[in-house]
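A.B. asks: just a sequence and a predicted model for now, questions to come.
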Amino acid sequence: MPKSTTSGLEDSYTEALPASRALFERARKIFPDGVTHDSRRMRPFPIYVERAEGALKWDADGNRYIDYWMGHGALLFGHNPPHVRDAVRDQIMRGTHYGASHAAEVEWGEWICRLVPCAERLRFTGTGTEATHMALRLARAFTGRVRVVKFAGHFHGWHEGVEIGVRAPYTAEAEAGQLAEVVDAVEVCPLNDLGAVRSALAGGDIAALIMEPTGPHFGTVPLTPGFLEGLREETRKAGTLLIFDEVVTGFRVAPGGAQAHSGVTPDLATFAKILAGGLPGGAVAGREDVMRHLETKATLEETHRTKIPHHGTFNANPLSAAAGCAMLESIADGEAIRAANDAAAALRRGMNEILASEKISWKVYGDHSDWKIFYNAASPPSGGEDQSVADVPWKRLNARHPEKSRALRQAVILHGIDFNGDRALVSTAHTPDIIAETLAGFASAVGMLKKEGVA
Ligand SMILES: Cc1ncc(COP(=O)(O)O)c(C=O)c1O
């Protein structure tokens, strides 16, 4: 654990991490913001990680952290689980890219069709962003309609067709470099408001409704009971395709994703993260009649009118396929998902107990293998089980608190824990020892923030 040697959280952080600071000095000269992913930005600089194993990772200064990023959600068994690592190692010995079809892609696709209720056909993509891009194009091709509906705060990757209304003030307005025509084709609906969806669909011109099926950012604002069922009914009536973006929920909420968990089957679904076992990879899966738009037709004329071209150098890459097969096989019985859920529940309980005893008005909540911090609760939790945020208006619940989240992240890093400052993902590698260590570190970090006047 890095030692804090000066007063002031940021000074302590800076002093504790000289090797990371030195790497950042080089990085800022070549990368905008000094980072390669916006959510890895960190003031005064991010930590630079050198290796990882199980629930742990080590930075360039040799500090050990309990990791709650879990590969942006891609790791359900922690870092480097032997069964996935061995599958990748065996594959790498046989080549990394054949420029050809291969058996592992077939097996990988079969796993998805076996596990996921809507998956009659699928195509692999390089990322989740590519998958949502493809899903919307399929919906437009199938329905002959242009407009789509998405929800405020829901994130579907960074392509310009969906990077709309993700942040407050949640309006559909073109941002830097974004085509106004693309943004105009998207209607952003408020959360948990079936009436607003009904009005948006009323004109009969909506190709698709795309959503994260447990709410934005894996349930930062949980869905109200019956909402998914309502959406299924309304989209069916309107001839609109329902797309579940299961990039996070897929294989984390249940072996068949949020659609299996909820019993609501969408027309199309997108996957990435756990799908590829911690390596890059994504997929679009869904109804055979919709996916048919990726098929080449008999005549050239018909092909030009109806086929969506689909390329991608790394689609179904053999390494990702090997990791994906190992991963999907090992989550299929639901045991790993249950174990990660249980670990997350113990963390939520323990963290709320700490907040209750320290009388801090934050709340830790979540429904699956995750914990999130609501920094603006009306009062401290009454105890470990006081986790409900059902009464909080969605804009308040989804609001960011950058100062608090950065301060907490710095403080937990100084206590050997890393998460993104707002939300955390949990794996089967988060064992009772790791949980106890996390809770002790969280309690000290919170004490530090109280002294700093942040909590
Ligand atoms: C719900 C959701 N959809 C899509 C994406 C984009 O996936 P990728 O980062 O693989 O492009 C993400 C990434 O975090 C996501 O959380």
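C.D. replies: In hand now; what should we look at? Numbering: from 1, shown residues only.
A.B. asks: any part of stretch 238-252 near the ligand?
C.D. replies: Yes: Stretch 238-252 reaches the ligand (Cβ under 6 Å from any ligand atom) through D245, V247, V248. For the C-beta atoms, the positions are set from N, CA and C on the backbone; glycine is no exception.
A.B. asks: could I get the buried residue list for that stretch?
C.D. replies: For stretch 238-252, burial by neighbour count (16 or more other Cβ atoms under 10 Å) applies to 238, 240-252.
A.B. asks: equivalent analysis for stretch 337-350, please.
C.D. replies: Across stretch 337-350, burial judged by 16+ other Cβ under 10 Å covers 337, 339-350.
A.B. asks: from those residues, which is closest to R145?
C.D. replies: The nearest member of the buried residues of stretch 337-350 to R145, counting by Cβ to Cβ, is I337 at 36.0 Å.
A.B. asks: which element is that closest one on?
C.D. replies: For I337, the element it lies in under DSSP states H and E is helix 335-358.
A.B. asks: of the residues of stretch 238-252 next to the ligand, closest to the ligand?
C.D. replies: Among the residues of stretch 238-252 next to the ligand, V247 lies closest to the ligand (Cβ to the nearest ligand atom), at 3.5 Å.
A.B. asks: contacting residues for the closest one?
C.D. replies: Neighbour list for V247: G73, G128, A131, T132, H156, G157, T270, F271, A272, K273, G282 [criterion: Cβ atoms under 8 Å, 6 or more residues apart in numbering].
A.B. asks: how far away is the residue lying closest to the fourth one once chain neighbours are set aside from G73?
C.D. replies: Just to be clear, that refers to T132. With Cβ to Cβ, 6 or more residues apart in numbering as the criterion, T132 has its nearest non-adjacent residue at 4.2 Å, and that residue is H156. Here the criterion is Cβ to Cβ, to the nearest Å. By it, H156 lies 14 Å from G73.
A.B. asks: and what of A200?
C.D. replies: Using Cβ to Cβ, A200 is found at 29 Å from G73.
A.B. asks: check the residue in the stretch 1-150 of the chain that the ligand sits nearest to and give its pLDDT.
C.D. replies: Closest to the ligand within the stretch 1-150 of the chain is G128: 2.4 Å, counting by Cβ to the nearest ligand atom. pLDDT for G128: 98.
A.B. asks: list the residues that contact it.
C.D. replies: Taking Cβ under 8 Å, 6+ apart as the test, what G128 contacts is H156, G157, D245, V247, T270, F271, A272, K273, G282.
A.B. asks: next structured bit after the lowest-mean-pLDDT helix or strand in the chain?
C.D. replies: Least confident helix or strand, the chain: helix 300-306 with a mean of 69, by mean pLDDT, DSSP states H and E. Sequence-wise, the next helix or strand downstream of helix 300-306 (DSSP H and E) is helix 318-331.
A.B. asks: just the CA atoms of that following helix, as PDB, please.
C.D. replies: Provided in PDB are the C-alpha atoms of helix 318-331 (Å, rounded to 0.1, in the frame of the first residue of the first chain):
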ATOM      1  CA  PRO A 318      -9.200 -16.600 -33.100                       C
ATOM      2  CA  LEU A 319      -7.700 -15.400 -29.800                       C
ATOM      3  CA  SER A 320     -11.000 -13.700 -28.900                       C
ATOM      4  CA  ALA A 321     -12.900 -16.800 -30.000                       C
ATOM      5  CA  ALA A 322     -10.800 -19.100 -27.900                       C
ATOM      6  CA  ALA A 323     -11.200 -16.800 -24.800                       C
ATOM      7  CA  GLY A 324     -14.900 -16.400 -25.500                       C
ATOM      8  CA  CYS A 325     -15.600 -20.100 -25.800                       C
ATOM      9  CA  ALA A 326     -13.700 -20.800 -22.500                       C
ATOM     10  CA  MET A 327     -15.600 -17.900 -20.900                       C
ATOM     11  CA  LEU A 328     -19.100 -18.800 -22.100                       C
ATOM     12  CA  GLU A 329     -18.700 -22.500 -21.300                       C
ATOM     13  CA  SER A 330     -17.700 -21.600 -17.700                       C
ATOM     14  CA  ILE A 331     -20.600 -19.200 -17.000                       C
END
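A.B. asks: what residues does it touch?
C.D. replies: Identification of contacts with helix 318-331 by Cβ under 8 Å, 6+ apart yields 76-77, 81, 83-84, 86-88, 90-92, 94-98, 102, 104-105, 107-108, 111-112, 115, 251, 255, 274-281, 314, 336-337.
A.B. asks: got a quick PyMOL command for the buried subset of those residues?
C.D. replies: A single PyMOL command is used to select the members of these judged buried by 16+ other Cβ under 10 Å:
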select buried, resi 76+77+81+84+87+88+91+102+104+105+108+111+112+115+251+255+274+275+276+277+278+279+280+281+314+336+337
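A.B. asks: from R305, how far out is the residue lying farthest from the centre of the chain?
C.D. replies: Distance to the chain centre peaks in the chain at T299, reaching 40.9 Å (criterion: Cα atoms, centre = their mean). Distance, T299 to R305, by Cβ to Cβ: 10 Å.
A.B. asks: that older thread, show me the buried residues of stretch 238-252 that map onto strands.
C.D. replies: L241, L242, I243, F244, D245 (DSSP state E).
A.B. asks: for the stretch 1-150 of the chain, what lies in contact range of the ligand?
C.D. replies: Applying Cβ under 6 Å from any ligand atom, we find that the stretch 1-150 of the chain lies next to the ligand at H72, T127, G128, T129, T132.
A.B. asks: domain-wise, how is this protein divided?
C.D. replies: Annotated domains of the chain cover 9-79+336-452, 82-331 [automatic domain parsing].
A.B. asks: follow-up on the earlier one: export the residues of stretch 238-252 next to the ligand as TSV, with columns for pLDDT and distance to V446.
C.D. replies: Shown next, in TSV, are the residues of stretch 238-252 next to the ligand (pLDDT from 0 to 100; distance: Cβ to Cβ, whole Å):
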residue	pLDDT	distance to V446
D245	98	34
V247	98	32
V248	98	27
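A.B. asks: nearest to V426, of these?
C.D. replies: Distances from V426 to those, taken by Cβ to Cβ, are shortest for V248, at 12.8 Å.
A.B. asks: hmm, the closest one is touching F218, no?
C.D. replies: Yes: counting by Cβ atoms under 8 Å, F218 is a contact partner of V248 at 4.8 Å.
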